[in-house]
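1. show me the folded form of this:
(2 chains)
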Amino acid sequence: MTQMTIREKGYHSWDGQLQPSTLQWLPMFFNGIKAAFKKKFAKGVFIFCVIPFFVFLIGIYVSTRPELRMMREIVRLLNDEPRFFNIFLTNGTLTFMFVLLGAFMGAELISQDVKFNSFPLYFARPLDRKDYIFGKFSILMFYYLLFSLVPGILLFIFKIIFTGKLAIGFNTLLGLIIVPPVVAFYIASIVLLLSSFSRSARHVKIFIFITYFLTQGISELLVEIFDSSYFHLISIADIIKQMGTFVFNVAPEHRYPGWLSLVVMIVLSLGAYWLLYHRIGKLEAQIESGN
Amino acid sequence: MEKIIELQNINFSYGAFKAIDSVSLGIDRGVYGLLGPNGAGKTTLMKILLGFLMPSSGSGRVLGFDITTSQKAVRERIGYMPETDCLMPEMDAVTLTAFLGELSGMPKQEAMKRAHEVLYYVGLEEARYRKVETYSAGMKQRLKLAQALVHDPKLLFLDEPSSGMDPQGRKDMLELIKDIAGKENMNIIISSHLLPDIESTCRHVIILNQGRMVFEQDVTANHTKKFNRFEIKLKGKTDGFFNRLKSANCTIQSNNRGLYTILLPKEQAPRDLFKIALESRVQIRHFQQSKATLEDTFVSAVGASHDTNDN
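-> Numbers count the residues shown, from 1 in each chain, chains lettered A, B, ... in the order given. As a prediction, this is how the structure comes out:
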């Protein structure tokens, strides 16, 4: 005898139990991670992002080989542990890769929800604006930490393996723990805020690159005109470098206190989060009112 | 019996425009239709019930939870089918439905299993692996119903459920709603401006006009329990006839085509009409028993509300 289909049987209830959680946004995180992997060019971008790791890994290997005397200068740098990890985590190439990753994966995170009116689907669930934003943040944070914190820890492990010494300085440990999340939160908040400004992911990608290059250009211009190092705070790449030197306690890149970079980055990130929170509320109201 | 929705003096404005004006209502278990002309405040009221919009004053409870302080608890227990065309791109229907089930708090595997079931139920079994952005308007409506049902809510809000559907699709959608409504623990609020949709699915109707509630009743009970309804055509001077009818507690409605609708109290026999006509020297040229329609109720409620405003 063939089994009756649900349509023939009519609607029937689900006999399971809902499991409300304080991390109700977790499905957004897992879904976002999966969706990013399925994207066109995803593998290419990911490979591009792990290049710095392999370059520094080779560096660590070289530093443990005294026979490679021709690379004495590099060895000196690599033996300066805090400086080595600071350069790895705050170098301009990695920052640019984060911007690229933000454009590749972050541009669509909110803009597409606006374009396809997805807010009523999210907010008809037990999610509030904060959960929604956490869900979106978590996706970008995952990838940023995957290409900064994880390789940082791996480099540290490889250093132990290659040198055979289990030792880590306080500043290195502090830097390894603090710098990647601060940088990830800073860039993610800028990317998500920009993603909420347009319904077009292409426009958001353009905004992201314009923001990166324009802040860099304006910063250099103002530094030249006013001969003040403080204008480096405007540049995304420079502020990250200066913050790194403060946390790792190495010689600063620019002539202003490193702690100021850390404070400005945190304030800007929280400011962007606050703006995003209100922006989502406004977008939600616009969609609800059908405008 | 505990009411599933209770509102007391709810007000809401979009800037200077008052969208909801002092609405108080109590909704029991069952299927309710929310009717009103465009801009009457149906969708706004629904969004207040869902906790999407915060009323400027007043209080309310949905399934026992305060709509201003316990929105999450409300949303765990409700399903919402929005009016707007909304979806999440780059997802197939089964992934989308399961994802939304998970967001409601369903375990991952259960959500996926249930997503297949509800998509089958709404008639999207063949298309469930297709990307949702390739769906037709009718398929999107079905998908919106599926996602509203996936976590088996206790209360379902359907905003213009048959909007954009072809006649067959609309018929299917109404059948699905009737089937769901037949379940013991399911309560449904349907907002629509399509009277036949409401008439075929709901027994209880709430009519809104200009942000105010102008009618709330069990439509089937109202007309059939108290009155017999007749359509008549007359010849002669009708004033005296109508006066006699009014004094006999009859209600007279004119439909501008020379036809009058008489609501005759159940305790009076139809032959009484002919007796009064004879005594008033009026000829009845057409006489037919008729049924009350929701359209009559709607026109009378919205019309009465306009009259009140005009005065």
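2. below-threshold pLDDT in chain A: ranges please.
-> The model of chain A has pLDDT under 70 over residues A:1-9, A:66-78, A:287-291.
3. excluding chain neighbours, what is closest to residue 148?
-> Since you didn't name a chain, this refers to chain A. Once flanking residues are discounted, residue A:148 sits nearest to residue A:180: 4.0 Å by C-beta to C-beta, 6 or more residues apart in numbering or on different chains. Backbone N, C-alpha and C define where each C-beta goes, glycine included.
4. I was thinking of chain B, sorry if that wasn't clear
-> In space, residue B:148 is closest to residue B:79, 3.6 Å off (C-beta to C-beta, 6+ apart).
5. doesn't that neighbour lie inside a strand?
-> Yes: the assignment for residue B:79 by DSSP: H, G, I helix; E, B strand; the rest coil puts it in a strand.
6. go ahead and confirm it touches residue B:156.
-> Yes: Residue B:79 is within contact range of residue B:156, at 4.6 Å (criterion: C-beta atoms under 8 Å).
7. now do the helices in the stretch 51-200 of chain B.
-> B:71-77, B:93-103, B:108-121, B:137-149, B:167-181, B:195-201 (DSSP state H, counting those that start in this stretch).
8. I'd like those as TSV, with distance to residue A:95 and mean pLDDT appended.
-> Formatted as TSV, the helices of the stretch 51-200 of chain B follow (distance: least, C-beta to C-beta, whole Å; pLDDT from 0 to 100):
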stretch	distance to residue A:95	mean pLDDT
helix B:71-77	38	90
helix B:93-103	33	95
helix B:108-121	36	93
helix B:137-149	40	93
helix B:167-181	52	89
helix B:195-201	56	85
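9. okay, those helices in CSV with distance to residue B:218 and mean neighbour count next?
-> Listed next are these as CSV, based on distance: least, C-beta to C-beta, whole Å; neighbours: other C-beta atoms under 10 Å in any protein chain shown:
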stretch, distance to residue B:218, mean neighbour count
helix B:71-77, 25, 20
helix B:93-103, 34, 26
helix B:108-121, 29, 20
helix B:137-149, 25, 24
helix B:167-181, 15, 17
helix B:195-201, 13, 20
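10. mind listing what's buried in stretch B:188-196?
-> B:188-195 (16 or more other C-beta atoms under 10 Å in any protein chain shown).
11. let me know the pLDDT of the residue nearest to residue A:117 when sequence neighbours are not counted.
-> Nearest residue to residue A:117, sequence neighbours excluded (C-beta to C-beta, 6+ apart): residue B:86, at 3.8 Å. Here, the pLDDT recorded for residue B:86 equals 84.
12. ok so, going back, from the buried residues of stretch B:188-196, pick the one nearest chain A.
-> residue B:188 (11.3 Å; C-beta to the nearest C-beta).
13. and the stretch 101-250 of chain A, which residues reach chain B?
-> With C-beta under 8 Å from any C-beta of the partner chain as the criterion, the stretch 101-250 of chain A meets chain B at residues A:112-113, A:115-128.
14. so for chain B, which residue is the most central one in space?
-> With distances taken as C-alpha atoms, centre = their mean, the residue of chain B nearest its centroid is residue B:33 (1.7 Å).
15. hmm, the helix or strand hosting that one in reach of chain A?
-> Assigned by DSSP states H and E, residue B:33 falls within strand B:31-35. No: using C-beta under 8 Å from any C-beta, strand B:31-35 stays clear of chain A, with a minimum separation of 13.2 Å.
16. now do that strand: which elements does it pack against?
-> helix B:42-50, strand B:187-192, helix B:195-201, strand B:204-209 (3 or more C-beta pairs under 8 Å, 6 or more residues apart in numbering or on different chains; DSSP states H and E).
17. next, the angle strand B:31-35 makes with the first one.
-> Meaning helix B:42-50. 140 degrees (axes from the mean of the first three to the mean of the last three C-alpha atoms, to 10 degrees).
18. is helix B:42-50 in proximity to chain A?
-> Yes: for helix B:42-50, a contact with chain A is found by C-beta under 8 Å from any C-beta, at B:47, B:50.
19. ok now whichever helix or strand residue A:101 is part of, how far from the chain's centre?
-> Under the criterion of DSSP H and E, residue A:101 resides in helix A:92-101. Remark: helix A:92-101 is offset 9 Å from the chain centroid, using C-alpha atoms, centre = their mean, to the nearest Å.
20. near chain A, which residues of the stretch 151-300 of chain B are found?
-> So the stretch 151-300 of chain B meets chain A at B:151-152, B:176, B:179-180, B:182-183, B:185-186 (C-beta under 8 Å from any C-beta).
21. redo those as a markdown table? Include distance to residue B:211.
-> Below are those laid out as a markdown table (distance: C-beta to C-beta, whole Å):
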| residue | distance to residue B:211 |
| --- | --- |
| B:151 | 32 |
| B:152 | 33 |
| B:176 | 31 |
| B:179 | 33 |
| B:180 | 29 |
| B:182 | 33 |
| B:183 | 32 |
| B:185 | 32 |
| B:186 | 29 |
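22. widest-spaced pair of those residues?
-> Largest separation among these by C-beta to C-beta: B:151 and B:182, giving 19.4 Å.
23. so residue B:211 sits against residue B:10, correct?
-> No: using C-beta under 8 Å, residue B:211 is not in contact with residue B:10; the gap is 9.9 Å.
24. need the overlap of contacts for these two.
-> Residues touching both residue B:211 and residue B:10 by C-beta atoms under 8 Å, 6 or more residues apart in numbering or on different chains: B:20, B:23.
25. ok so, going back, would you list the helices and strands packed on strand B:31-35 in a markdown table and tack on distance to residue B:268?
-> Formatted as a markdown table, the helices and strands packed on strand B:31-35 follow (distance: least, C-beta to C-beta, whole Å):
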| stretch | distance to residue B:268 |
| --- | --- |
| helix B:42-50 | 38 |
| strand B:187-192 | 36 |
| helix B:195-201 | 27 |
| strand B:204-209 | 27 |
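26. which of those sits closest to residue B:110?
-> strand B:187-192 (22.8 Å).
27. give me the contact list for the closest one.
-> B:4-5, B:27, B:29-35, B:42-43, B:45-46, B:49, B:83, B:154-162, B:177, B:180-181, B:197-198, B:201-202.
28. likewise stretch B:119-127?
-> So stretch B:119-127 is contacted by A:5-7, A:11, B:93-94, B:97, B:128, B:135, B:139, B:142-143, B:145-146, B:149, B:172, B:176 (C-beta under 8 Å, 6+ apart).
29. the helix or strand hosting residue B:214 packs against which elements?
-> Assigned by DSSP H and E, residue B:214 falls within strand B:212-218. The helices and strands touching strand B:212-218, judged by 3+ C-beta pairs under 8 Å, 6+ apart, are strand B:17-27, strand B:204-209, helix B:294-310.
30. related to what we said a few turns ago, now for the residues of the stretch 101-250 of chain A next to chain B, which pair is the farthest apart?
-> Top of the distance list for those (C-beta to C-beta): A:115 and A:126, 24.5 Å.
31. the two: which has the busier surroundings?
-> The residue with more neighbours, out of residue A:115 and residue A:126, is residue A:126; 22 against 14, by other C-beta atoms under 10 Å in any protein chain shown.
32. and the more buried one, which of the three is it?
-> Assignment for residue A:126 (three-state DSSP): coil.
33. the helix of greatest length in chain A vs helix B:42-50, what angle?
-> When chain A is parsed with DSSP state H, its longest helix is helix A:258-288. Relative orientation of helix A:258-288 versus helix B:42-50 (the same axes, to 10 degrees): 130 degrees.
34. show me what helix A:258-288 packs onto, helices and strands only.
-> helix A:107-115, helix A:119-123, helix A:129-146, helix A:170-195, helix A:236-248.
35. which residue comes closest to residue A:142 once chain neighbours are left out?
-> residue A:33 (6.0 Å).
36. thought that neighbour was touching residue A:139?
-> Yes: counting by C-beta under 8 Å, residue A:139 is a contact partner of residue A:33 at 6.3 Å.
37. for the nearest residue to residue B:173 once chain neighbours are set aside, phi and psi?
-> Residue nearest to residue B:173 in three dimensions, not counting chain neighbours: residue B:162, with 4.9 Å by C-beta to C-beta, 6+ apart. Here the main-chain torsion angles of residue B:162 (degrees, to the nearest 10) amount to phi -100, psi 10.
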